[in-house]
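Asks: let me see the structure of the following:
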Amino acid sequence: MNGTLLGIASLAIVAANGAVFLSRMQRVAIPENRLAHDLGWTAALALGIAAFAGGVGWVGGVSAAIGAFTGGLMLLLRLGSAQAKNAAAVRVGGPILDFAAVDENGAPFTLASVAGKPFLLKFFRGHW
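Replies: Sure, this is the predicted structure:
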């Protein structure tokens, strides 16, 4: 297989893997085990590098550069974004954590001030 085909394959893998990843991201359905995506990025990086080693024209070179750069960048971002698994601070049916905030009149409010009384606690997400 010559370098141009390897470069085009690298770009195709990046496009397919990226499309699936973005689709899952929009649906908030990214799996915990992202091994398949990591393998895709690794394959794109490896094919892009192999394309340059095999000699490429400008079409293969551009494709290989985009594929290798994107694959490498996504792998670096993945390595740098690892987060520790923590237990959830709040669970359904569990106690509400005490907090302090400002009420609608600007007065300080604490959740402990309504302990033992019925109340409705409503949070709004700002759209700005």
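Asks: contacts and neighbour counts: CA atoms only from here.
Replies: Fine.
Asks: now the element after the helix or strand hosting residue 25, going C-ward?
Replies: If you go by DSSP states H and E, residue 25 is part of helix 3-26. As assigned by DSSP H and E, the chain's next helix or strand after helix 3-26 is helix 35-54.
Asks: quick one: distance of that following helix to the chain centre.
Replies: 20 Å (C-alpha atoms, centre = their mean, to the nearest Å).
Asks: residues contacting the closest residue to residue 13 other than its chain neighbours?
Replies: Leaving aside its chain neighbours, residue 13 sits nearest to residue 44 (5.9 Å; criterion: C-alpha to C-alpha, 6 or more residues apart in numbering). With contact set as C-alpha atoms under 8 Å, 6 or more residues apart in numbering, residue 44 has these partners: 9-11, 13-14, 67-68, 71.
Asks: got those as a markdown table, with distance to residue 101, pLDDT and neighbour count columns?
Replies: Listed next are those as a markdown table, based on distance: C-alpha to C-alpha, whole Å; pLDDT from 0 to 100; neighbours: other C-alpha atoms under 10 Å:
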| residue | distance to residue 101 | pLDDT | neighbour count |
| --- | --- | --- | --- |
| 9 | 54 | 91 | 21 |
| 10 | 52 | 93 | 32 |
| 11 | 50 | 93 | 27 |
| 13 | 49 | 95 | 21 |
| 14 | 46 | 95 | 26 |
| 67 | 48 | 93 | 30 |
| 68 | 48 | 92 | 28 |
| 71 | 44 | 93 | 28 |
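Asks: tell me the two of those residues that are most distant?
Replies: Farthest apart among the contacts of residue 44 by C-alpha to C-alpha are 9 and 71. That separation is 12.3 Å.
Asks: can you tell me what sits against stretch 68-79?
Replies: With C-alpha under 8 Å, 6+ apart, stretch 68-79 has contacts from 10, 14, 38, 40-49.
Asks: just the buried members of those residues?
Replies: 10, 14, 38, 40-49 (16 or more other C-alpha atoms under 10 Å).
Asks: give me the most central residue, this structure.
Replies: Centroid-nearest residue in the chain, with C-alpha atoms, centre = their mean: residue 25, separated by 6.9 Å.
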